[in-house]
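Peer 1: the following comprises the amino acid sequence and a computationally predicted model.
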Amino acid sequence: MPESVQEAVRAHLDHGRACLDKGKYDDAIACFDEAIALDPNVATAYTNRGVAYRKKGEYDRAIADYDKAIALNPNIATAYANRGLAYRKKGEVDRAIADYDKAIALDPNGALAYHNRGFAYDHKGDHDRAIADYDKAIALDPEDAAAYFNRGLAHESKGEVDRAIADFSKVLEIDPSHQYAKEGLKHLGVTP
């Protein structure tokens, strides 16, 4: 492939990611379409376009793009993790967990995959496994307020009030404006 085409693909990918960051999902999709038209074998273009579709709530289209990315490169942990998010959004929690398992196997240091798998386990009512995954996510990213918050909810579900209070309090150390953590503490009788 000529270098000028490779540069054009990179430019479309970069612009598409910038559009994603700004919440301009249709513009991002158009950029990734252009990259794919120039080189249909760029797995990251499908992964990123899948993110845009998922953000728009078009989960089946997102899953189709993640499937294509995985077919092109079965070692992209983010494609599995993102497909897991789309499956979870569709209510297919077991499929989501299977994808998070694969993402973690490919990238054991991916805190977000542990966090998201924990959320899926929590959704199934398996609070112990959820807490174990949140623990791992927090060990990998100690500033992830969402992981502390979700772990606090899991502890609360188990009746472990002191642990829930500790997690909600940690959330507020990281993000003093976190409204849900404040409400969680009030619910447990603690003034934030």
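Peer 2: In hand now; what should we look at?
Peer 1: need the helices for the chain, in chain order.
Peer 2: Listed in chain order, the helices of the chain (DSSP state H) span residues 3-21, 25-38, 43-55, 59-72, 77-89, 93-106, 111-123, 127-140, 145-157, 161-174, 179-187.
Peer 1: tilt between the longest one and helix 25-38?
Peer 2: Here helix 3-21 runs at 160 degrees with respect to helix 25-38, directions being taken by axes from the mean of the first three to the mean of the last three C-alpha atoms, to 10 degrees.
Peer 1: what comes into contact with helix 3-21?
Peer 2: Among residues not part of helix 3-21, those counted as contacts by C-beta atoms under 8 Å, 6 or more residues apart in numbering are 25, 27-32, 34-35, 38-39, 42, 44-45, 48-49, 51-52, 55. Backbone N, C-alpha and C define where each C-beta goes, glycine included.
Peer 1: how about 6 Å then?
Peer 2: Contact partners of helix 3-21, identified using C-beta atoms under 6 Å, 6 or more residues apart in numbering, comprise 27, 28, 31, 32, 34, 35, 38, 39, 48, 52.
Peer 1: that older thread, could you dump the helices of the chain into a markdown table with mean neighbour count added?
Peer 2: A markdown table is the format used below for the helices of the chain (neighbours: other C-beta atoms under 10 Å):
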| stretch | mean neighbour count |
| --- | --- |
| helix 3-21 | 15 |
| helix 25-38 | 19 |
| helix 43-55 | 24 |
| helix 59-72 | 20 |
| helix 77-89 | 24 |
| helix 93-106 | 20 |
| helix 111-123 | 24 |
| helix 127-140 | 20 |
| helix 145-157 | 23 |
| helix 161-174 | 18 |
| helix 179-187 | 16 |
